[in-house]
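Peer 1: only geometry, no sequence info:
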């Protein structure tokens with residue numbers, strides 16, 4: 001399941017071909033990896049890092065759709081998290097829960113030992 005967040009990025013005063021080329025140039029400058037292209041109406045990129053945590057650095061897929069409107073171009077972007085990122089998050093949460101359970105058991109065992117030692121001393 002992918003979570004899609006569509007957003008109208010804006011309207012460019014350029015025609016669709018020029019807007020597409022300019023968008024592609026900007027995406028490449030911003031370290032986006034082009035995953036799919038359908039010039040001049042669609043470009044899909046991957047952006048971010050597996051170790052990113054902020055909205056700008058998190059690993060995601062962004063699809064840009066370009067539509068001609070009169071002599072201008074409307075650009076719509078749709079963002080979704082990659083499935084790899086979602087699996088890493090689920091694994092991390094599971095691992096954290098397991099570590100908390102182990103730490104809780106360890107503290108419980110230690111506290112029983114301390115209580116027994118204190119009782120034996122007194």
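Peer 2: Perfect, thanks for sending it. Since we're looking at a predicted model, the values are computed, not measured.

Peer 1: All the helices of the chain, residue numbers only.
Peer 2: Taking DSSP state H as the criterion, the chain carries its helices at 16-29, 83-121.

Peer 1: buried stuff in the first one?
Peer 2: This means helix 16-29. Within helix 16-29, the residues that count as buried by 16 or more other CB atoms under 10 Å are 16, 19, 20, 23, 24, 27. Using the backbone N, CA and C atoms, a C-beta is placed for each residue, glycine as well.

Peer 1: Stretch 62-69 now?
Peer 2: Of all the residues in stretch 62-69, those buried under the rule 16+ other CB under 10 Å are 62, 63, 64, 65, 66.

Peer 1: quick one: which of the residues you listed is nearest residue 104?
Peer 2: Distance to residue 104 across the buried residues of stretch 62-69 (CB to CB) is lowest for residue 62, with 41.0 Å.

Peer 1: so the closest one bridges to which residues?
Peer 2: In this structure, residue 62 has the following beta-bridge partners (DSSP bridges): residue 45, residue 79.

Peer 1: so where's the chain shaky on pLDDT?
Peer 2: By pLDDT under 70, the low-scoring segments of the chain are 1-6, 8, 114-115, 118-120, 122.

Peer 1: change it to 90
Peer 2: For the chain, the stretches flagged by pLDDT under 90 are 1-13, 31, 47-60, 70-71, 79-93, 104, 106-122.

Peer 1: count of residues packed around the closest residue to residue 50 other than its chain neighbours?
Peer 2: Nearest residue to residue 50 in three dimensions, chain neighbours excluded: residue 59, at 5.5 Å (CB to CB, 6 or more residues apart in numbering). Burial of residue 59 is recorded as 17 neighbouring residues (other CB atoms under 10 Å).

Peer 1: do residue 82 as well
Peer 2: Around residue 82 sit 17 other residues, with neighbours defined as other CB under 10 Å.

Peer 1: and the gap between the closest residue to it other than its chain neighbours and residue 97?
Peer 2: Computed as CB to CB, 6+ apart, the closest residue to residue 82 that is not its neighbour in sequence is residue 59, at 5.1 Å. Distance, residue 59 to residue 97, using CB to CB, to the nearest Å: 23 Å.
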